[in-house]
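S.K.: coordinates only, no sequence provided:
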RNA sequence: GGCGACAUAGCCAAGUGGUAAGGCAGAGGACUGCAAAUCCUUCAUCCCCGGUUCAAAUCCGGGUGUCGCCUCCA
């Protein structure tokens, strides 16, 4: 069965058929590196990280490209405010971005091109557009002539006259139409600039993605993705440029992540209601943040609050606890089959199918997590009722969770260290005390260990311990 | 003003025609020396009003509400 992807271009779910199977070219619009990223930005990167990993899990050979926008108005203004150069600003926030995103377990893209390193390709693209008459020069600037492209507005489902009706008209515009957009901006005093056939200047914002994706992929992308606020005008403009220059669609599938809201309002740098990843990481486990983001479907709006992080953290802890117990149980598991394992075997098989079905259906991570919780409960029942455990079965369950975690990465699955001798000895002493109903001693030992971050759990099959979360 | 999305329990959230996944929180219970962890039970007729249908949370029409885009924004 094919993976289904909701394509913004057609507003419907379509079977995923990459152009050159099993290769998949995947372009995600990256950050403008003028500030720390906020949790809303992070949602996009986390979601597409999971989608990338899932495609790999399903056997696709994915090449992920994510750009850095390191030259534009915001970059120039911020650099001026801080009294540093634009390259200095970019270097600083590219580093910050990579740190933040790494903390959130987002894997780096295969290619991370920067706009300023592709001025040559950008100029070539603009020359093509000028040669074909799809662009015009106006007082040193170069603009794309949107009236040349009949489908302009298709992605955002707006007609050109409707867009015109709502367009803001600036006095002294150099554009012929308010819908036209800059491909090249003439330099102003004190601004960074590059030489071009039209004089010194710098690229407009939208042109870099078209130029770089063409440069690296050299063909229509399989997936082009970004936040929903890029639909218009950014992606609309990219489509127009690539169509104008090469007469081909930029991408087959357009994917857009829903907004992350703070108190039901869009979080955005311009509204000033931002919570940076950096700030949130101080008080939250990055895996909790990841878990919260994946608990909703990627296209739905998602509210963010400390309470919600705590809620999803509590659920995540339950999964983590099951995994910890599973790892312990596996150590003492037997080679032979045991009682009551048919049920878990059936649960596992069902979970495997449901998980793939959920993810195949436009990456329904919320549904998939439901499957994960279902199996966790069934596994807990088995661990409670079916001693001795069957090694092979537990191994299969663990493998399923490892596969899941290779995509979602919301759990820590690693073999625990051997019981340290000291802890082992303390547990033995406590057991002796308990045997003589010396509760004062047994509680003291437990409290001491608790103070050191070790939690004891008494089970019918002995006492086990784990590190406190 | 134009365009669009959404509206499911205290909270979060799946579910596009056949009588409501999952999680958090709460209540009761089991287990425990007490805990912790875990398990069991319990907690929704799906914003409102009409319509189509044997059958609708799911389709259609009309409301109401929230949010977004039309301007930089993930």
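M.R.: Right, received. Where do you want to start? Note that this is a predicted model, so its numbers are computed, not measured.

S.K.: residues in contact with residue A:222?
M.R.: If you count contacts by C-beta atoms under 8 Å, 6 or more residues apart in numbering, residue A:222 has them with A:18, A:19, A:23, A:24, A:25, A:26, A:251, A:252, A:253. Any C-beta I mention is one placed from the backbone N, CA and C, and that applies to glycine too.

S.K.: just the residues you listed: which are in strands?
M.R.: Among the contacts of residue A:222, the ones falling in strands (DSSP state E) are A:23, A:24, A:25, A:26, A:251, A:252, A:253.

S.K.: bridging residues for residue A:111?
M.R.: residue A:65 (DSSP bridges).

S.K.: buried ones from the contacts of residue A:222, can you make that a ChimeraX selection?
M.R.: The following ChimeraX line selects those of the contacts of residue A:222 that are buried, judged by 16 or more other C-beta atoms under 10 Å:
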select /A:18,24,25,26,251,252,253
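
S.K.: among the contacts of residue A:222, find me the one that's closest to residue A:398.
M.R.: residue A:24 (28.9 Å; C-beta to C-beta).

S.K.: now chain A against RNA strand B: closest residue?
M.R.: residue A:227 (1.7 Å; C-beta to the nearest atom of the strand).

S.K.: who are the contact partners of that residue?
M.R.: With C-beta under 8 Å, 6+ apart, residue A:227 has these contacts: A:29, A:40, A:41, A:44, A:256, A:257, A:259.

S.K.: same deal with residue A:361?
M.R.: A:4, A:13, A:367.

S.K.: equivalent analysis for residue A:56, please.
M.R.: residue A:62.

S.K.: tell me which element it falls in.
M.R.: helix A:39-57 (DSSP states H and E).

S.K.: can that helix be found next to RNA strand B?
M.R.: Yes. Judged by C-beta under 7 Å from any atom of the strand, helix A:39-57 and RNA strand B are in contact via A:40, A:41, A:43, A:44.

S.K.: now for chain A, the helix or strand with the poorest mean pLDDT.
M.R.: Lowest mean confidence among the helices and strands of chain A (mean pLDDT, DSSP states H and E): helix A:421-435, at a mean of 77.

S.K.: flag every buried residue along the next helix or strand after that one.
M.R.: Counting by DSSP H and E, the next helix or strand C-terminal to helix A:421-435 is helix A:439-451. Across helix A:439-451, burial judged by 16+ other C-beta under 10 Å covers A:442, A:445, A:446, A:449.

S.K.: could you list which of these also contact RNA strand B?
M.R.: Answer for these near RNA strand B (C-beta under 7 Å from any atom of the strand): A:442, A:446.

S.K.: wait, isn't residue A:322 in contact with residue A:380?
M.R.: Yes. Counting by C-beta atoms under 8 Å, residue A:322 does reach residue A:380; the two are 5.7 Å apart.

S.K.: low pLDDT regions in chain A?
M.R.: A:1, A:166, A:168-172, A:270, A:415-422, A:425, A:469 (pLDDT under 70).

S.K.: counting contacts, what elements does the longest helix anywhere in chain A pack onto?
M.R.: Secondary structure of chain A per DSSP state H: the longest helix is helix A:306-331. Counting contacts by 3 or more C-beta pairs under 8 Å, 6 or more residues apart in numbering; DSSP states H and E, the secondary-structure elements packed against helix A:306-331 are helix A:286-294, helix A:365-385, helix A:391-408, strand A:462-467.
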